[in-house]
Structure formats: structure tokens, C-alpha cells
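In: heads up, no residue letters with this:
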């Protein structure tokens, strides 16, 4: 890295913040209001940013400001840099008062019922003044917010997939996804259930372009079947539970969650490739704050306990432990 060249650059942090605000708000007027600036001051700062970068960053389309290709590149780096600066400030603040602050955790369905609540309880017992903010959303949204610095870490399914290629993955334990149905569902009356028997029922399926959705559809294709036509996409646990319990839908659910849900029952059918690694997903090159690092430590502790619980409860020959890092 040429540090001397960076000393002479005209690009400042305020320019990056302005670029982010314009992209988020879609107009100079709303971005100026968001940042408590006059529109002429904002326009001048945008021109300075474009001069420093050496390219036009936005073009006006109708009433909206739309990033140019150079603007898209600038946005990606601006989000990362602003996220790093925010983490820097929080880490310095925690040096002054280590037992205060906030930890921001994203979670999807996986790990949300056992791993995360237990870790939160242990962490807050030791750091009662630290606020823990839990954010549930679809995986692609959480990954984007992690990259932007809006989240410290994610808890969920750890798998090699294009969506997680830029993250650091820390597997903690392994469990299987199971097909679930309400207790009174007709599938439970079948002597032996095959995948072909389930195609005609409505399904709650994982969101498109997620590893779990890809693997579910691959199971149907491998059996020479077309994936269910009547289906609802959902990444929200509460919606999934209600559709299964009250509307006769089938769905996939982590085994530990399915076993704890009253009114639901797992099918004996086991699908290939749906055993999952549960763990922590981290930004590849942004250090954790001290409190976030401590929270990650609690996740490690609880994850090891859950791994042992699953190992003790599994039938002989069942694979529980996946690759450890």
C-alpha cells in the first residue's frame, strides 16, 4: 500500500457518507435533509467526491439519483470503510467503559431457538449494561447488513455458498433439517413415507437462492420429481410455524427446533444433504469489538454443549460432528 499517495488524496470520510446517503435516499433533496445539510452544500460535496474518485458517481433518472457503474464500486467500498470506522469508535469507547456498549447480532431460523437464547442469557448475566440487539431477517439481508457494519456477527447455517464466499465461517455443531407436519396431518398415517407422497401437499419452502432451498429442490429432482407447485416462500419462523400447525403445510425445520415445537411432528423420511453446520458468520477482515468478541465466546461455549447433547441423543451411527475450525 502506498501510504504517501493516500496522504495527498482529496477523498474524505464525509464524501463517502454523502455518497451512501444519496444512494439510500435516491435524491439530493432527501439526502440533504437526512444529513442536515443545504442542497448546494451537498451538491458541492458530491462534485468533490467525484473529482477525488475521478468519475461520475450518479446520474439523474427521472427524479431519482441512480449510481453509475463507478458509483456502485464506490458504494461497495464506502459501506466497508464506514462500517470499519463505526467499529473503531465502538472499540475505543469500550476501552473507556468495557461493561457498556451494544452487540448487534443477526439470526435466521437456524440456531435461533437454542444457541442464540442460551448465549444471550450467559452474556447478559456477565455484562448486564451491554445492550444486545437481535435482528431476524432473510440470510441475504443479514449478510448485506454485516458487510455494511450494521451487524457485528451472524448466527445461522454455515455452508459453502456464493452468498457466504466473502465471510469467515466458524462451525459450532451439526444437526439435520427435518420435514415437519402438524400432528393431525394425513402424512403421519402413512406406513412408509416417500418423497413422491409429499409432492401434492402445500409446502413452506426456504427463500430462493439459499443453500437450503437449492438442496431441497435437488432432492426432488434426484428422485425424478418436480418440486411442489403449491408452495409459499418464507424466511420468518413465526409464519412457518403457523402455516404448518394451522394450514396443513409441510416444511423443513432444524431438528432441535422441530422437537421443541408443540403440535408439530417430524416425518421419518430423511433427505440427503440437509444436515447442516450451525455456527457464526463473521466479516472477513473487520475485527470484533471486545463485547462482540465476548459474545462470540459464549456462542462457542453453548455450541459445544449443544453438540454434546445432540451426540448423546443421536442413534448409533448418526453423523453429528462436521468439520471443525
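Out: That came through, no problem. Since this is a predicted model, take the numbers as computed values, not measurements.

In: only C-alpha atoms for contact and neighbour calcs from this point on.
Out: Noted.

In: Buried residues, the helix or strand encompassing residue 44. List them.
Out: Assignment of secondary structure by DSSP states H and E places residue 44 within helix 39-53. Buried positions in helix 39-53, judged by neighbour count with 16 or more other Cα atoms under 10 Å: 42-43, 45-50, 53.

In: farthest-separated two in those?
Out: Pairwise distances among the buried residues of helix 39-53 were taken by Cα to Cα; the largest, 16.4 Å, belongs to 42 and 53.

In: which stretches of the protein form strands?
Out: 58-61, 64-67, 101-107, 130-136, 153-158, 167-182, 203-205, 231-233, 250-254, 264-266, 275-283 (DSSP state E).

In: quick one: low-confidence parts of this protein?
Out: Flagging of the chain using pLDDT under 70 yields the residue ranges 1-8, 109-112, 313-325.

In: for it, which helix is longest?
Out: Taking DSSP state H as the assignment, the helix of the chain that covers the most residues is helix 69-96.

In: re earlier: now the helix holding residue 44 against helix 69-96, angle please.
Out: 100 degrees (axes from the mean of the first three to the mean of the last three Cα atoms, to 10 degrees).

In: which residues touch residue 295?
Out: For residue 295, the contact set (Cα atoms under 8 Å, 6 or more residues apart in numbering) comprises 103, 119-120, 123.

In: my bad, should have said residue 232
Out: With contacts defined as Cα under 8 Å, 6+ apart, residue 232 is in contact with 202-205.

In: hmm, try it at 10 Å
Out: For residue 232, the contacting residues are 202-207, 240, 243, 249, 251, by Cα atoms under 10 Å, 6 or more residues apart in numbering.

In: Residue 87 now?
Out: Applying Cα under 10 Å, 6+ apart as the definition, the contact partners of residue 87 turn out to be 81, 93, 149-152, 286-289.

In: how close does it sit to residue 170?
Out: Using Cα to Cα, to the nearest Å, one obtains 21 Å as the distance from residue 87 to residue 170.

In: Kindly report the same for residue 238.
Out: As it turns out, when the distance is counted by Cα to Cα, residue 238 lies 27 Å from residue 170.

In: Compare those two (neighbour count), which wins?
Out: Remark: of residue 238 and residue 170, residue 170 carries more neighbours, 19 against 10, as counted by other Cα atoms under 10 Å.

In: circling back to that earlier point, would you mind listing which of the contacts of residue 295 are buried?
Out: 103, 119, 123.

In: can you tell me the distance between the two ends of stretch 266-279?
Out: End-to-end distance for stretch 266-279: 23 Å, by Cα to Cα.

In: What are the buried residues along it?
Out: Counting neighbours by 16+ other Cα under 10 Å, one finds that the buried residues in stretch 266-279 are 266, 270-271, 274-279.

In: Just give me the neighbour total for residue 166.
Out: For residue 166, the neighbour count with other Cα under 10 Å is 14.

In: I'd say it and residue 147 touch.
Out: Yes. With contacts counted by Cα atoms under 10 Å, residue 166 reaches residue 147, the gap being 9.1 Å.

In: which residues do these two both contact?
Out: Common neighbours of residue 166 and residue 147 are listed as 282-284 (criterion: Cα under 10 Å, 6+ apart).

In: Tell me the buried residues within those.
Out: By neighbour count, with 16+ other Cα under 10 Å, the shared contacts of residue 166 and residue 147 hold 282-283 as buried.

In: would you list the shared contacts of residue 166 and residue 147 in JSON lines and tack on distance to residue 24?
Out: What follows is those, written out as JSON lines (distance: Cα to Cα, whole Å):
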{"residue": "282", "distance to residue 24": "24"}
{"residue": "283", "distance to residue 24": "22"}
{"residue": "284", "distance to residue 24": "24"}
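
In: now residue 124: how far from residue 298?
Out: Taking Cα to Cα as the measure, residue 124 falls 10 Å from residue 298.

In: Residue 93 now?
Out: Applying Cα to Cα to residue 93 and residue 298 gives a distance of 22 Å.

In: Which of these two has more residues huddled nearby?
Out: Neighbour comparison, residue 93 and residue 298: the larger count goes to residue 298, with 20 against 14 (by other Cα under 10 Å).

In: mind listing what the nearest residue to that one once chain neighbours are set aside touches?
Out: With Cα to Cα, 6 or more residues apart in numbering as the measure, residue 119 is the residue that lies nearest to residue 298, at 5.2 Å, once sequence neighbours are left out. Residue 119 makes contact with 125, 295-303, according to Cα under 10 Å, 6+ apart.
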